[in-house]
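*Asks:* Fold the following, please.
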Amino acid sequence: MASRRSADPAQTRAAVAAVSAWLRDPAAPAPQRAEMAEAVRTTARTLSATVPGSAVEVRVPPFVAVQCIAGPRHTRGNPPNVVETDPRTWLLLATGLLTVADAAAAGTLQLSGSRAGEIAAALPVVALPD
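*Replies:* So this is what the prediction gives:
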């Protein structure tokens with residue numbers, strides 16, 4: 001059995017498919033908390049598996065925080081490079097419906113540290129189903 005922290009592409013696609021109507025149309029009914037949590041966690045873990053490392057921490061409270069991007073590792077306190085956003089914005093980024101630049105300009109994505117912006121090169125992590 002796979003670790004709960006591992007990235008399973010089929011599970012990620014299924015989790016995103018479950019919330020896809022809401023991502024495409026903000027007026028659509030919001031998904032259940034468990035569905036949203038699953039989509040956020042699986043896409044973040046997929047990102048971490050795609051660009052492994054410890055240089056940047058991606059935070060999507062209250063669901064997940066992962067480290068990614070190769071480079072210097074932090075061991076104590078707050079990491080120097082942090083990306084933080086809300087669940088909806090993260091899912092829009094993870095599916096390519098929103099760019100890092102647009103989310104940062106809108107204020108829904110906070111980037112701190114000199115390497116945080118490198119996250120843009122790793123997105124999207126999953127295609128939104130038709």
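*Asks:* burial count for the residue lying closest to V100 once chain neighbours are set aside?
*Replies:* Leaving out its chain neighbours, the residue that sits closest to V100 by C-beta to C-beta, 6 or more residues apart in numbering is A120, at 3.9 Å. All C-beta atoms are positioned from the backbone trio N, CA, C, and that covers glycine. When counting by other C-beta atoms under 10 Å, one arrives at 15 neighbours for A120.
*Asks:* I believe A120 is in a strand; please confirm or correct that.
*Replies:* No. Assigned with DSSP: H, G, I helix; E, B strand; the rest coil, A120 falls outside any strand and is helix.
*Asks:* OK, contacts around it?
*Replies:* 99-101 (C-beta atoms under 8 Å, 6 or more residues apart in numbering).
*Asks:* Of the residues you listed, which belong to helices?
*Replies:* 100-101 (DSSP state H).
*Asks:* Would you list the buried entries among the contacts of A120?
*Replies:* V100 (16 or more other C-beta atoms under 10 Å).
*Asks:* Would you format the contacts of A120 as CSV with pLDDT and distance to A34 included?
*Replies:* Listed next are those as CSV, based on pLDDT from 0 to 100; distance: C-beta to C-beta, whole Å:
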residue, pLDDT, distance to A34
T99, 97, 28
V100, 98, 27
A101, 97, 31
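*Asks:* Which of the contacts of A120 sits closest to R59?
*Replies:* When the contacts of A120 are ranked by distance to R59 (C-beta to C-beta), V100 comes first, at 14.7 Å.
*Asks:* On the pLDDT front, check the residue nearest to V100 for me.
*Replies:* Predicted confidence (pLDDT) at A120: the value is 97.
*Asks:* now do S6
*Replies:* Predicted confidence (pLDDT) for S6: 69.
*Asks:* got it, and the one 4 residues further on?
*Replies:* Predicted confidence (pLDDT) for A10: 92.
*Asks:* buried sites along the helix or strand containing it?
*Replies:* Following DSSP states H and E, one finds A10 within helix 9-24. Buried positions in helix 9-24, judged by neighbour count with 16+ other C-beta under 10 Å: 11-13, 15-16, 18-20, 22-23.
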